[in-house]
Structures are given as C-alpha cells and as structure tokens.
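**Student:** pasting the sequence and the predicted model now:
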Number of protein chains: 2
Amino acid sequence: MSQQYSSVLLEKAVSEFSKLPGIGPKTAMRLVLHLLRQNVSSVESFGNSIIKLKHEIKYCKICHNLSDTDICNICSEANRDHQTICVVENIQDVMAIENTHQFHGVYHVLGGVISPMDGVGPSDLQIASLVDRVVQSEVKEVILALSPTMEGDTTNFYIFRKLADTGVKLSIIARGVAQNDELQYTDEITLGRSILNRIVFTGQI
Amino acid sequence: MSQQYSSVLLEKAVSEFSKLPGIGPKTAMRLVLHLLRQNVSSVESFGNSIIKLKHEIKYCKICHNLSDTDICNICSEANRDHQTICVVENIQDVMAIENTHQFHGVYHVLGGVISPMDGVGPSDLQIASLVDRVVQSEVKEVILALSPTMEGDTTNFYIFRKLADTGVKLSIIARGVAQNDELQYTDEITLGRSILNRIVFTGQI
C-alpha cells in the first residue's frame, strides 16, 4: 500500500523506524506519532541515546562484551573467578546467565555461532581470541554455553578441537527437561539425553 | 526481571526504546543491538530524523494536519474542492481516505474524539476551529468520518449541534457490511443498519 504522507519530515522518520526488524510501516507511524506527542527534551533524549551509544560504545578487549570502557565491568571485577571462562553467543546471553546468579567466572562473547547458511565462518567469530586467552592466561575451565542447535553444536565441536591441545578443562551446559516442562510433550532427543545424563539424586534438586 | 547491563550507554538506549508503546525491554534490546550493527551514518540518520521532525514539524493552520509548511499540501492544492470538508480523528485517517482516491475535498483533523473516560472534552479538540471555518468560508458540505464507536458518535452529535445553525450540509460516512464480510458473523447493529440504510441497486456496486 502506498502511503500518502502530508509531510516529508514525517515520511522520513517513519521510513527510518520501518527499517527496524519487525516494525512495519503502520507500527512505525504509531511509534513516530507517539514520540511527536512527547516534549522536545524527551524526543532529543530518545534520538541522542542511540547516536551516543553508537559513537561511544566499546567492545571489552578481553571478552568482547559491550562496554563503556576498554575493559568491561565483569572482566575488571577482582572478586570474580578469572580462571573460568563461559563462552556465549552474544551479550543477551551474558545478561541471561548473570541473572541466574549461578556463575561467578568471566565470559567470552563469540558474536554468533558458525553458520554456513548465513555465511558465518569461524574467522567471523571471536574464536582465535578465545584460544589466545586460554593459552596466555591461567585458565582452568572453559564452559561452552551456546545454543543447543546444529549451529551451536558445530561451534562447540570447532572450539573443542581448537582447545584440545591446551589441556584446559572443557565443559558444556547441561541439556535436559526444562523446569515445568511436561514430559509427554518433551521432544525425544531432549528426553533421551536427560535419561542418559541423569545425575545422582541426593534428595535435593 | 532485573537486567544486568554491561554498559550504561546501552542501558540508557534500551530504556528509551522501552518507553515506546508496545515495545518491552527484550524487544527494545533487540532493536538497539540491530541499530548498533548499522554504520554510524545510518544510526545518525535514524536518531536525527525524529529530532528534526519534532523541531520542524508544523500543524496546518487550516486543517491541523501534520505539515512541513504553515498550510499543508492538501489545503494549498487549487484542484481540490475546498467547499467540502471531511472531518477525521487523526492524520492516519487522512492517509487512509487519501488512499481510497474517492475524496477530492479537504480535511479537518480533530486530534481525537470526545472521551470523558480519557479526559478528552470538546475544548481539547479542533471543533471550535471547524465551526469558524464553516462560518467564515463558503463551505457547502461537512462529511463526518469519525470512528463508529460511542466516542465517535458522541463527537458526531456534538458537532451536529454546533453546526446546526450554520445551514451547512452535514453528512456521515455509510455504515454497513464490510467488503468480504460474512453476513452470519456480522454483528446485529451493523447488519440491521445495513438493511435500514439500503440503497437503490442499479446493477452496479
């Protein structure tokens, strides 16, 4: 549907919002008109927040997480276990794991997983820098926390081979039935693996 | 869920996007990370488009539509019928009617409808300026094209009373079954009205 805009300025703003993933022209229009109803300082704050982010954001030189500083706040925290590295796909995964409060080591953000279909090869990811990190500092354990998908597993296996000679302990996060899943609806692979990888029950979950 | 952001800049941008209607924190994060992957000029173009819009947009002095100029391009078009005014709720409705190519008059954008529940009274809308427009210029017909809701009808009736003394012809858009509606699923009020307001069939729709 061709839209008849009464204003070139409006059309330009709607067109910019329409470029965002999952935002169609009607939603873009709704968002732009919503912002237009806010006061000038709110709109400036909105527009400048993303421009400032783009200009000033850094990638942590150690773990490649997004950071305001050269070394991110996790990597620079003395209290954490710097000998245990959790390998994740992206920054959202760091946040998700941090929210569990179950991990006190540091991270390594790959920036994706190997995916020939999407043209993503090992050299597009922070794998070489992971190997360097393991070789150069006293890392005891690398925990692989990638998505349990074909691409994630390809990447797991690639990293496994790259780190095999370093002697570092390699582990992978457990796969099994999720909390509150109903067994009858759990897929066969997951259920089968949860039986194979069963653990000793001590009376506590 | 409290999110642990690795960057204050990122947190600020995500928080700004989360203020948009229908955008939760996870979607906001996705949008911000998408923009972060674009080049600097694209991000500046995005951020500045909304700031520029807010600073430079005008409301047409005649019809109150959004416009780049004091008088919008519809009101300043000589070819249109300036004696027929179509009253609509908002700018999206202007665009929707323009897209039908069935109307060649001009518009009057009320900026909403009377809604006591939302605290919107007649003085919050461009009703007085509509009456002025009808009184001061040679308007022959005012077409009411508001939403077929209780609030829309309240507003229709209010405008009807305000314009009653001016002698202008008042009309209202037809209500009836929509194209491709199935009659059995059409609500009683709409179906009843479509029978009461039936028109002479000339062999053409």
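**Tutor:** On my side now, so go ahead. Residues are numbered from 1 along each chain as shown, chains lettered A, B, ... in the order given.
**Student:** got a list of what the residue lying closest to residue A:110 once chain neighbours are set aside touches?
**Tutor:** By the measure of C-beta to C-beta, 6 or more residues apart in numbering or on different chains, the closest residue to residue A:110 outside its immediate chain neighbours is residue A:125, 4.6 Å from it. For glycine as for every other residue, the C-beta is placed from the backbone atoms N, C-alpha and C. Under the criterion of C-beta atoms under 8 Å, 6 or more residues apart in numbering or on different chains, the contact list for residue A:125 reads A:110, A:111, A:112, A:113, A:114, A:155.
**Student:** same check, this time on residue A:90
**Tutor:** A:109, A:110, A:111, A:112, B:33.
**Student:** now for the lowest-mean-pLDDT helix or strand in chain A, which elements pack on it?
**Tutor:** Using mean pLDDT, DSSP states H and E, helix A:188-196 stands out as the lowest-scoring helix or strand of chain A, at a mean of 85. Judged by 3 or more C-beta pairs under 8 Å, 6 or more residues apart in numbering or on different chains; DSSP states H and E, helix A:188-196 has no packing partners among the helices and strands.
**Student:** now, of the contacts of residue A:90, which are buried?
**Tutor:** If you count burial by 16 or more other C-beta atoms under 10 Å in any protein chain shown, the buried members of these come out as A:109, A:110, A:112, B:33.
**Student:** turn the residues you listed into CSV, including distance to residue A:85 and pLDDT.
**Tutor:** Written out in CSV, the entries for these read as follows (distance: C-beta to C-beta, whole Å; pLDDT from 0 to 100):
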residue, distance to residue A:85, pLDDT
A:109, 11, 97
A:110, 11, 97
A:112, 17, 94
B:33, 22, 94
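**Student:** could you identify the most distant pair in those residues?
**Tutor:** Put simply, by C-beta to C-beta the two of the buried ones among the contacts of residue A:90 set farthest apart are A:110 and B:33, 14.7 Å from each other.
**Student:** contacting residues around the closest residue in space to residue A:144 that isn't next to it in sequence?
**Tutor:** Excluding its sequence neighbours, the residue lying closest to residue A:144 (C-beta to C-beta, 6+ apart) is residue A:172, at 4.5 Å. Remark: with contacts taken as C-beta under 8 Å, 6+ apart, residue A:172 is in contact with A:143, A:144, A:145, A:156.
**Student:** what residues go with each domain of chain A?
**Tutor:** Split into domains by automatic domain parsing, chain A comes to A:8-56, A:81-173.
**Student:** the helices in chain A, which residues?
**Tutor:** Remark: helices of chain A, listed N- to C-terminal, are A:8-18, A:25-36, A:40-56, A:91-100, A:128-136, A:150-163, A:188-196; assignment by DSSP state H.
**Student:** give me the contacts around the last one.
**Tutor:** Going back to what we said before, that points to helix A:188-196. In this structure, residues lying in contact with helix A:188-196 by C-beta under 8 Å, 6+ apart are A:175, A:176, A:177, A:183, A:186.
**Student:** just the buried members of those residues?
**Tutor:** The buried subset of those - by 16+ other C-beta under 10 Å - is empty.
**Student:** identify the farthest-apart pair in these.
**Tutor:** Taking C-beta to C-beta as the measure, these span a maximum distance of 15.0 Å, between A:175 and A:183.
**Student:** what about residue A:169, how many residues close to it?
**Tutor:** 13 (other C-beta atoms under 10 Å in any protein chain shown).
**Student:** pLDDT score assigned to the nearest residue to it once chain neighbours are set aside?
**Tutor:** Excluding the flanking residues, the one nearest residue A:169 by C-beta to C-beta, 6+ apart is residue A:141, at 4.4 Å. Reported pLDDT at residue A:141 in the predicted model: 95.
**Student:** contacting residues for residue A:141?
**Tutor:** For residue A:141, the set of contacting residues under the criterion of C-beta under 8 Å, 6+ apart consists of A:83, A:84, A:85, A:105, A:168, A:169, A:170, A:171.
**Student:** kindly report the same for residue A:102.
**Tutor:** With C-beta under 8 Å, 6+ apart as the criterion, no residue contacts residue A:102.
**Student:** if I look at it, how far off is chain B?
**Tutor:** From residue A:102 over to chain B the distance is 13 Å, taken as C-beta to the nearest C-beta, to the nearest Å.
**Student:** want to throw the contacts of residue A:141 into a markdown table with pLDDT?
**Tutor:** Written out in a markdown table, the entries for these read as follows (pLDDT from 0 to 100):
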| residue | pLDDT |
| --- | --- |
| A:83 | 95 |
| A:84 | 96 |
| A:85 | 96 |
| A:105 | 95 |
| A:168 | 94 |
| A:169 | 94 |
| A:170 | 93 |
| A:171 | 93 |
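**Student:** next step: the residues you listed restricted to strands.
**Tutor:** Under the assignment DSSP state E, those contribute A:84, A:85, A:169, A:170, A:171 to strands.
**Student:** surely the second one and residue A:107 touch.
**Tutor:** Read that as residue A:85. Yes - taking contacts as C-beta atoms under 8 Å, residue A:85 lies within contact range of residue A:107: 6.9 Å.
**Student:** re earlier: closest one of the contacts of residue A:172 to chain B?
**Tutor:** Here the nearest of those to chain B, counting by C-beta to the nearest C-beta, is residue A:145; it sits at 15.5 Å.
**Student:** tally of neighbours for that closest one?
**Tutor:** By the measure other C-beta under 10 Å, the count of residues near residue A:145 is 21.
**Student:** next one, pLDDT for it please.
**Tutor:** In this prediction, residue A:145 has a pLDDT value of 94.
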